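In: from the sequence below, what's the structure:
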Amino acid sequence: MPALDPLTASRRIPGSATPSRRRVLALAGLAVGAPLLLAACDFTPDRSGDPTATTLTTLADQARGDAATATALIATAPDQAAALKLVADQRTAHAKAITDELSRYLEQPAPTPRPAAPAATPTLAALLDRLNTAAKAAGDAAVAASGYRASLLGAVSAATSTHAQVVLA
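Out: Model prediction:
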């Protein structure tokens, strides 16, 4: 039986299952570095300036503005307070639903919305004009869209038309 040489006994024998120190360090480096490299990559396309994102942003801003105008009118038209509160609450819900759809479309949180400001001197006639304009814009966007987005925008258009032609008439 050959004697074991202390120098060769500690070396890795080809074909053995024991990994070398070099291989272990290389794998550890990959395990740490790969997630950092992947995190630096952005796989979501930037859709923030495309027509769909612009339309959804505009519709959400219109809904917030309509809600602010309806809320401001409650003090000046107490006989219409219940109807104006309903419009304000539902237009706020429309803004949230459209913003949620925008976030889904962008595959990231939607940009922070601009604060909604009511008209300088809000009147019921101005609110009705705003609601009719918003209903038409949402309806046009619904026709151009498909799937869930089309049904969402169609529902917003129908509700906004109802606000203008029934609730506040």
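
In: residue 18 in helix, strand or coil?
Out: Look at residue 18: counting by DSSP: H, G, I helix; E, B strand; the rest coil, its state is coil.

In: separation between it and residue 28?
Out: 16 Å (C-beta to C-beta, to the nearest Å). The C-beta positions use only the backbone N, C-alpha and C, and glycine is treated the same way.

In: check residue 107 too.
Out: Residue 107 sits at a distance of 33 Å from residue 28 (criterion: C-beta to C-beta).

In: what's the local residue count around residue 139?
Out: Residues within reach of residue 139, counting by other C-beta atoms under 10 Å, total 17.

In: quick one, what contacts it?
Out: 153-154, 157, 161 (C-beta atoms under 8 Å, 6 or more residues apart in numbering).

In: that one and residue 113, how far apart?
Out: Applying C-beta to C-beta, the value for residue 139 to residue 113 is 22 Å.

In: again, but for residue 20
Out: From residue 20 to residue 113 the distance is 57 Å (C-beta to C-beta).

In: and the two? Which one has more around it.
Out: residue 113 (15 against 11).

In: hmm, the more buried one is touching residue 59, no?
Out: No: in this structure, residue 113 is not within contact of residue 59 by C-beta atoms under 8 Å, at 11.6 Å.

In: next one, pLDDT for the residue nearest to the spatial centre of the chain please.
Out: In the chain, the centroid-proximal residue (C-alpha atoms, centre = their mean) is residue 103; its distance is 1.2 Å. Here, the pLDDT recorded for residue 103 equals 93.

In: for the closest residue in space to it that isn't next to it in sequence, helix, strand, or coil?
Out: Distances taken as C-beta to C-beta, 6 or more residues apart in numbering place residue 110 nearest to residue 103, at 4.4 Å, with adjacent residues excluded. At residue 110, secondary structure determined by three-state DSSP is coil.

In: so how many other residues sit close to residue 110?
Out: Applying the criterion other C-beta under 10 Å, we find 19 residues in the vicinity of residue 110.

In: list the contacts of it.
Out: 57, 60, 99-100, 102-103.

In: dump those residues to TSV, plus distance to residue 133.
Out: Written out in TSV, the entries for these read as follows (distance: C-beta to C-beta, whole Å):
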residue	distance to residue 133
57	16
60	15
99	19
100	23
102	20
103	25
